[in-house]
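Q: Just to be clear, the model below is a prediction. Sequence and coordinates:
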Amino acid sequence: MELKLPFKLKIKYLNANGDSLQGKAVFHEKVYPIKIHAENNEKIIKLPFPVIGITDNEILARLSGPAGVYVQDHVKFKGQSKWIEIDSDIIFFDITNSQHKFDTMEIFVK
């Protein structure tokens, strides 16, 4: 399955786990693990499935909730991983104490 941007995933849950947030997301009825960290060297995203039309381009990752709360950041796509991995200070620190408010992840072309 190769995807084109934009696409949307349903977040089942996110939990703080030390220096990361971990959880699960559902996309096309399949469950994927999520890991969100503060950035190390650069803001990146890795996905567990191929995406058509992007290489090292920046894309927009947005997490939102039903009450209108959202956080977003421009991150570089860095290929595939077993997890949905996001390294972003903005996303990590904005949702660390309120991860239960977020239920949707959207990935857009910049």
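A: Cool, the structure landed. Numbering: from 1, shown residues only.
Q: contacts and neighbour counts: CA atoms only from here.
A: OK.
Q: most centrally placed residue in the protein?
A: Nearest to the mean C-alpha position of the chain, by C-alpha atoms, centre = their mean, lies I86 at 5.3 Å.
Q: gap between that one and L60?
A: Using C-alpha to C-alpha, to the nearest Å, one gets 11 Å for the distance from I86 to L60.
Q: got it, and S81?
A: From S81 across to L60, the span is 18 Å (C-alpha to C-alpha).
Q: more crowded one of the two?
A: Neighbours were counted for S81 and for L60 using other C-alpha atoms under 10 Å; L60 has more, 17 against 13.
Q: so K10 sits right up against I107, yeah?
A: No: the pair K10 / I107 is not scored as a contact, 11.8 Å apart, by C-alpha atoms under 8 Å.
Q: and stretch 9-29, C-alpha only, in PDB?
A: This file holds the C-alpha atoms of stretch 9-29, laid out as PDB (Å, rounded to 0.1, in the frame of the first residue of the first chain):
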ATOM      1  CA  LEU A   9      -4.900   8.500  11.400                       C
ATOM      2  CA  LYS A  10      -7.100   8.000  14.400                       C
ATOM      3  CA  ILE A  11      -5.100   8.000  17.700                       C
ATOM      4  CA  LYS A  12      -6.300   5.400  20.100                       C
ATOM      5  CA  TYR A  13      -4.100   6.600  23.000                       C
ATOM      6  CA  LEU A  14      -0.900   8.400  23.900                       C
ATOM      7  CA  ASN A  15       1.000   7.800  27.200                       C
ATOM      8  CA  ALA A  16       4.000   9.500  28.700                       C
ATOM      9  CA  ASN A  17       6.900   7.100  29.000                       C
ATOM     10  CA  GLY A  18      10.000   8.800  30.400                       C
ATOM     11  CA  ASP A  19      11.400  10.900  27.600                       C
ATOM     12  CA  SER A  20       8.900   9.900  25.000                       C
ATOM     13  CA  LEU A  21       5.200   9.600  24.300                       C
ATOM     14  CA  GLN A  22       4.000   6.200  23.100                       C
ATOM     15  CA  GLY A  23       0.700   5.000  21.900                       C
ATOM     16  CA  LYS A  24      -1.300   3.400  19.100                       C
ATOM     17  CA  ALA A  25      -3.000   4.800  16.000                       C
ATOM     18  CA  VAL A  26      -5.500   3.200  13.600                       C
ATOM     19  CA  PHE A  27      -5.200   3.600   9.800                       C
ATOM     20  CA  HIS A  28      -7.300   1.700   7.300                       C
ATOM     21  CA  GLU A  29      -8.400  -0.700  10.200                       C
END
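Q: Appreciated, that's everything.
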